[in-house]
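Undergrad: after the sequence you'll find the predicted model.
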Amino acid sequence: MKKHPLILCAGITSLLLSACNPVKAPEAILPVPEAKQVEWQKMETYAFVHFGLNTFNDREWGYGDSDPKTFNPAKLDCEQWVKTFVESGMKGVILTAKHHDGFCLWPTQLTEYCIRNTPYKNGQGDIVRELSDACKKYGIKFAVYLSPWDRNQANYGTPEYVDYFYKQLHELLTNYGDVFEIWFDGANGGDGWYGGAKDSRTIDRKTYNYPRAYKMIDELQPQAVIFSDGGPGCRWVGNEKGFAGATNWSFLRAGEVYPGYPKYRELQYGHADGNQWVPAECDVSIRPGWFYHPEEDDRVKTADALTDLYYRSVGHNATLLLNFPVDRDGLIHPTDSANAVNFHQNVQKQLAHNLLAGLSPKASDERGKTFSAKAVTDGEYDTYWATNDGVNSATIEFDLLQTEKINRMMLQEYIPLGQRVKSFVVEYNQEGEWLPVKLNEETTTIGYKRLLRFETVTTDKIRVRFTDSRACLCINNIEAYYAGETSDTYTAKAEELKSYPFTLTGVDTEEAQKCMDKNNQTTCFINGNTLLIDLGEERTVTSFHYLPDQSEYNKGIIAAYEISVGTDSNAVNQLVAKDEFSNIKNNPILQSVYFTPVNARYVQLKATRMIHDGEPMGLAEIGIQ
Ligand code: FUL
């Protein structure tokens, strides 16, 4: 006979009482993620592939006029890419199905500017399909980047183009199986080929009508997370260097951030008072550029540099989207794959033995047995320690089995109920005294995951004091490790720029020194838009190199330029190069301009467009060869 619950409760033992009267789980605190955003964040690291006509034409942003016949990756093998990603611990890959040049890696019915008109497999290839098939075969997820900006289409800038864009999206969403993310880049509008018009065009975001895209995606691929500067599924982190702020809220104030949002630096931290769940994704290339350039073969980020970025992306409550610029053979270059695999092994080694696993910690507050402190050491994602309502600060203490060295900690909040923690302190016990661990970043937010690196301590007791939270605590995991004594704290090396010696005409010598001192941290600022460089004697000149200001605000970035040369300082009028510095705003790396060798003593740089009008030109380093 089935017993009625009331009859069961009649035998008033405390055990039965608690079974009948279970402790209530904490209320969620808004905003909260959608289930798909939690699944997405659990991927932690995934790969990006930039590949297309740019690869074969040595460009970062193609104008849309490169000949499709130049696209001929003779050894292309998507399985080689995917095997590299799997071995590097990546859970998925996002492919540039179409970059700003408008060239499509799938045989779209909508334009001739696509893979069908290339020598690759005699026009029979489809790299979107080949990669999505390889992902299925090796069990990782697949996703697409579809650039809203299209420098090839003659009707770019008109409502007809927007229809074209939506039809492209439809093709990608209906022909290649599930995608986990859709990447809408923020760069949108400017100079282009535009079917031969060669002019400058824009479309405002209202014409794009992005809600129409969201609706289509929700209908066709409801599991996909939508990326853009401001989400809605996940947000750009506000830099292309691969890190998020130590303080990083997964919220934005709804409706405030749009593609091209001028205060994009905020995106590293999120909006503490935001009302929409839009977690951060850290996109970074394993090389300086997003596309392959042979001269960057010796500038691949090392395993240590990547490990450092892992701690500052995944370990700062974001995901890491690591780009592989596939080379002209259609393969991931061996240096890139070796460094990526070593990076993953590094991380696994550092975080191999959790010293807190299975321990029974003591907490200053617990929300009954169901939400006891034990949940943080059971290795389960969905069990968590919670404090009682109104208890927004608490301490959790771990007695280790023996004295241990510790220099890493991992903490997770149970984000399905919201992100709560505002500040915390990690302390270790030394002869009865609690001392804070020494780290070089603030311990404020946690979110999905927070990883801490600190000076090695030797102790048998460690504790976390949660000092402030938006509501009661919900912590699902705390782990501690000894990673060995490592060298992954990366400091950018001064760019090794070779140059003929030079002086700057009309510029104070001390100021001029800053752009030739091989120190990235000093910047020479020049008022006006021209700079005359004197090589002291006539030389054969073939290239000009420019590293923009590397400070946080990258002051005085030159967006487009003209370079002229001459042998007489009054007639420096032989134009040798004229172009834009593609993507320099988001990725202010060393820019190199090569031209036909010419004899000259004087080189004139003219900034024909600045990223921010009115700023002086900011030159961290320049070089002429
Ligand atoms: C940027 C683009 O303009 C770059 O070319 C690259 O695709 C990067 C991931 O996003 O905004």
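TA: Right, received. Where do you want to start? Numbering: from 1, shown residues only.
Undergrad: which secondary structure element of the protein has the lowest mean pLDDT?
TA: None of the helices or strands of the chain scores lower by mean pLDDT, DSSP states H and E than helix 5-10, at a mean of 38.
Undergrad: show me what contacts the residue lying closest to residue 73 once chain neighbours are set aside?
TA: Excluding the flanking residues, the one nearest residue 73 by CB to CB, 6 or more residues apart in numbering is residue 330, at 2.8 Å. The C-beta positions use only the backbone N, C-alpha and C, and glycine is treated the same way. Residues in contact with residue 330 (CB atoms under 8 Å, 6 or more residues apart in numbering) are 51, 73, 74, 75, 76, 77.
Undergrad: same thing but 6 Å
TA: 73, 75, 76 (CB atoms under 6 Å, 6 or more residues apart in numbering).
Undergrad: who in this structure is up against the ligand?
TA: For the chain, the residues in contact with the ligand (CB under 6 Å from any ligand atom) are 60, 61, 185, 186, 187, 283, 290, 583, 586.
Undergrad: count of neighbours near the residue of the chain found nearest the ligand?
TA: Among the residues of the chain, residue 187 lies nearest to the ligand; the distance is 3.7 Å by CB to the nearest ligand atom. Residue 187 has 17 neighbouring residues, counting by other CB atoms under 10 Å.
Undergrad: phi, psi for residue 474 please.
TA: phi -140, psi 90 (degrees, to the nearest 10).
Undergrad: from residue 446, how far off is the nearest residue to it once chain neighbours are set aside?
TA: Nearest non-adjacent residue to residue 474, counting by CB to CB, 6+ apart: residue 414, 4.2 Å away. Counting by CB to CB, to the nearest Å, the gap from residue 414 to residue 446 is 10 Å.
Undergrad: one step back: can you pull the contacts of the residue nearest to residue 474?
TA: Shown in contact with residue 414 (CB under 6 Å, 6+ apart): 384, 474, 476.
Undergrad: just residue 465 next, same as before
TA: Contacts of residue 465 by CB under 6 Å, 6+ apart are 395, 425.
Undergrad: can I assume it sits in a helix?
TA: No. Under DSSP: H, G, I helix; E, B strand; the rest coil, residue 465 falls outside any helix and is assigned strand.
Undergrad: pLDDT score assigned to it?
TA: Predicted confidence (pLDDT) for residue 465: 98.
Undergrad: now do the one 4 residues further on
TA: Residue-level confidence at residue 469 comes out at 98, pLDDT.
Undergrad: out of the contacts of residue 330, which end up buried?
TA: 73, 76 (16 or more other CB atoms under 10 Å).
Undergrad: could the contacts of residue 330 go into JSON lines alongside pLDDT and secondary structure?
TA: Below are the contacts of residue 330 laid out as JSON lines (pLDDT from 0 to 100; DSSP: H, G, I helix; E, B strand; the rest coil):
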{"residue": "73", "pLDDT": "98", "secondary structure": "coil"}
{"residue": "75", "pLDDT": "98", "secondary structure": "coil"}
{"residue": "76", "pLDDT": "98", "secondary structure": "coil"}
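Undergrad: which among the contacts of residue 330 gets closest to residue 137?
TA: residue 76 (15.8 Å; CB to CB).
Undergrad: which residues touch that closest one?
TA: Applying CB under 6 Å, 6+ apart to residue 76 gives the contacts residue 330.
Undergrad: for the closest residue to residue 371 other than its chain neighbours, give its distance to residue 409.
TA: Nearest residue to residue 371 in three dimensions, chain neighbours excluded: residue 386, at 3.8 Å (CB to CB, 6+ apart). Applying CB to CB, the value for residue 386 to residue 409 is 20 Å.
Undergrad: how about the helices in the stretch 251-400 of the chain?
TA: Secondary structure of the stretch 251-400 of the chain, counting by DSSP state H, counting those that start in this stretch: helices at 303-313, 334-350.
Undergrad: to residue 100, which of those helices lies closest?
TA: Of the helices of the stretch 251-400 of the chain, nearest to residue 100 by CB to CB is helix 334-350, at 22.8 Å.
Undergrad: what residues does that closest one touch?
TA: 84, 87-89, 286, 300, 302-303, 306-307, 310, 324, 483.
Undergrad: what's the neighbour count on residue 117?
TA: Quick note: residue 117 (other CB under 10 Å) scores 16 neighbours.
Undergrad: same deal with residue 163?
TA: For residue 163, using other CB under 10 Å, the count is 12.
Undergrad: list the contacts for it?
TA: Going by CB under 6 Å, 6+ apart, the list of residues near residue 163 is empty.
Undergrad: can you give me the mean pLDDT across the helix or strand that it is a member of?
TA: For residue 163, the element it lies in under DSSP states H and E is helix 159-175. Per-residue pLDDT over helix 159-175 has a mean of 97.
Undergrad: in the helix or strand following that helix, which residues are buried?
TA: Next along the chain after helix 159-175, taking DSSP H and E as the criterion, comes strand 181-183. Residues of strand 181-183 classed as buried: 181, 182, 183 (neighbour count, 16+ other CB under 10 Å).
Undergrad: any idea how far strand 181-183 is from the middle of the chain?
TA: Distance, stretch centre to chain centre, for strand 181-183: 13 Å (CA atoms, centre = their mean, to the nearest Å).
Undergrad: which residues sit against that strand?
TA: Residues contacting strand 181-183 (CB under 6 Å, 6+ apart): 94, 143, 145, 224, 225, 226, 227.
Undergrad: in its sheet, which strands sit next to that strand, and in what direction?
TA: strand 141-146 (parallel), strand 225-228 (parallel) (DSSP bridges).
Undergrad: can you list those strands in JSON lines and add mean pLDDT and mean neighbour count?
TA: Shown next, in JSON lines, are those (pLDDT from 0 to 100; neighbours: other CB atoms under 10 Å):
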{"stretch": "strand 141-146", "mean pLDDT": "98", "mean neighbour count": "23"}
{"stretch": "strand 225-228", "mean pLDDT": "98", "mean neighbour count": "24"}
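Undergrad: burial of the nearest residue in space to the residue of the chain closest to the ligand that is not next to it in sequence, as a residue count?
TA: In space, and not counting its chain neighbours, residue 187 is closest to residue 149: 5.8 Å by CB to CB, 6+ apart. By other CB under 10 Å, 26 other residues sit near residue 149.
Undergrad: residue 149 touches residue 188, doesn't it?
TA: Yes. Counting by CB atoms under 6 Å, residue 149 does reach residue 188; the two are 4.4 Å apart.
Undergrad: returning to that earlier point: any idea which of the contacts of residue 330 is closest to residue 32?
TA: residue 76 (42.4 Å).
Undergrad: separation between the closest one and residue 106?
TA: 14 Å.
Undergrad: show me where the stretch 351-500 of the chain has its strands.
TA: 362-363, 385-386, 394-413, 421-430, 433-436, 450-469, 474-481 (DSSP state E, counting those that start in this stretch).
Undergrad: deepest in the core, which of these is it.
TA: strand 385-386 (a mean of 28; mean count of other CB atoms under 10 Å).
Undergrad: given that strand, what are its sheet partners and their directions?
TA: strand 474-481 (antiparallel).
Undergrad: what sits up against the partner strand?
TA: 26, 351, 354-356, 376, 384-386, 406, 408-414, 417.
Undergrad: and what of stretch 120-134?
TA: Taking CB under 6 Å, 6+ apart as the rule, stretch 120-134 contacts 71-72, 78-79, 82, 95, 97, 105-107, 115-116, 142, 176-177.
Undergrad: how long is it end to end?
TA: 18 Å (CA to CA, to the nearest Å).
Undergrad: can you give me the mean pLDDT across it?
TA: 98.
Undergrad: export the strands paired with strand 181-183 to JSON lines and tack on distance to residue 158?
TA: Below are those laid out as JSON lines (distance: least, CB to CB, whole Å):
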{"stretch": "strand 141-146", "distance to residue 158": "18"}
{"stretch": "strand 225-228", "distance to residue 158": "22"}
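Undergrad: of those strands, which approaches residue 439 most closely?
TA: Per CB to CB, nearest to residue 439 of these: strand 225-228, 30.3 Å.
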